[in-house]
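In: turn this into a model:
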Amino acid sequence: MNKQALLRCMKTAPENSIRVICFPYAGGAASIFNSWLNFLPDCVELIVAQLPGRDDLYAMPFATNFDSLVKLLCDEIFILPEKTDIVFGHSLGALIGLEVARELRRRNHRNIKHLILSAANPPHLETSFEDKINLSNYEFLKYMKTLGGIPNEALLNQELIDIALPRLRADFTLGDTYEYYQERPLDCYFTVLGGKDDVAVNAATLKEWEFYSSKKVDLHIFQGDHFYIQQHQKAFYAILIDIITRHKTAVDSL
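Out: Alright, predicted model coming up:
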């Protein structure tokens, strides 16, 4: 794979497998999905997006335009071998996942069968990042702490802050360039997840994701904040495995 490619294959699988494509939250790197390798079944291929400016793409400038990033990701996904695709995204990654699915539909690419959208408001509601990107470093980190994304010990580690803060600010700036346009619903299943106490996402409005799909939309609300998955890993993995199993059964029946 070209060093500048944005997709990373973290786990291979046979031809008739299910492919899971993941997009990380703001500030996240492909490595946040390493733990998935411990529970994914043999029938799953795992593809993860590595956004510019982190880990092996550290020297690559941060992405500055949401639409351009989506198109670059779609260029890579479009040429992957044909499989049944499940897309997962958390927070900013959920918005990227949605727009990747819509852009691929414009290209007549129909492999995405299921979107798993975590900790993200439906984009017809308020998703602006502008009020956060103008915060001072102190206020910005304070806000991130309210989300549950930065442990107390990390706030005391200046070296970690120096790595994380530019990524976070860059990704919030990227999110602020996102412009939502209404389109017809996608013809794929949705599973929407969120934390009841998430200060960035109104759990009561997550049901409005049903407007984005012509098929069934499942909603799961957990006790917890923006990073509820950390406290409910077993339950989250169970939902993911159930989705994978259903689509693998459909593939095997063909």
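In: so where is the stretch 1-150 of the chain shaky, pLDDT-wise?
Out: For the stretch 1-150 of the chain, the stretches flagged by pLDDT under 70 are 1-3, 127-128.
In: output the contacting helices and strands for the helix or strand harbouring Asp85.
Out: Element membership of Asp85, judged by DSSP states H and E, is strand 84-90. Other helices and strands packing on strand 84-90, by 3 or more Cβ pairs under 8 Å, 6 or more residues apart in numbering; DSSP states H and E, are strand 18-23, helix 92-106, strand 112-118, helix 233-252. To be clear about C-beta, it is placed using only N, CA and C from the backbone, and glycine gets the same treatment.
In: shouldn't Leu46 be within a strand?
Out: Yes: assessed by DSSP: H, G, I helix; E, B strand; the rest coil, Leu46 belongs to a strand.
In: picking up where we left off before, will you turn the helices and strands packed on strand 84-90 into TSV that also has distance to Thr173 and mean neighbour count?
Out: Converted to TSV, these look like this (distance: least, Cβ to Cβ, whole Å; neighbours: other Cβ atoms under 10 Å):
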stretch	distance to Thr173	mean neighbour count
strand 18-23	17	25
helix 92-106	11	22
strand 112-118	22	24
helix 233-252	29	14
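In: before we move on, back to that, neighbouring strands - and their directions - for the strand holding Asp85?
Out: strand 18-23 (parallel), strand 112-118 (parallel) (DSSP bridges).
In: and that strand with helix 92-106, angle?
Out: 150 degrees (axes from the mean of the first three to the mean of the last three Cα atoms, to 10 degrees).
In: in strand 84-90, what counts as buried?
Out: Using 16 or more other Cβ atoms under 10 Å as the test for burial, strand 84-90 gives Thr84, Asp85, Ile86, Val87, Phe88, Gly89, His90.
In: strands of this structure, start to end?
Out: Assigned by DSSP state E, the strands in the chain fall at 7-11, 18-23, 44-49, 84-90, 112-118, 189-195, 217-222.
In: quick one on the thing from earlier: what does the strand holding Asp85 contact?
Out: Residues from elsewhere that reach strand 84-90 (Cβ atoms under 8 Å, 6 or more residues apart in numbering): 18-25, 28, 77, 95-98, 100-101, 111-120, 229, 240, 243-244, 247-248, 250-251.
In: hmm, 6 Å instead?
Out: Strand 84-90 is contacted from outside by 18-23, 25, 96-97, 111-116, 118-119, 247, 251, using Cβ atoms under 6 Å, 6 or more residues apart in numbering.
In: and the strands of the chain: which comes nearest Ala59?
Out: Nearest of the strands of the chain to Ala59, taken as Cβ to Cβ: strand 7-11 at 16.5 Å.
In: what about the closest one, distance to the chain center?
Out: 15 Å (Cα atoms, centre = their mean, to the nearest Å).
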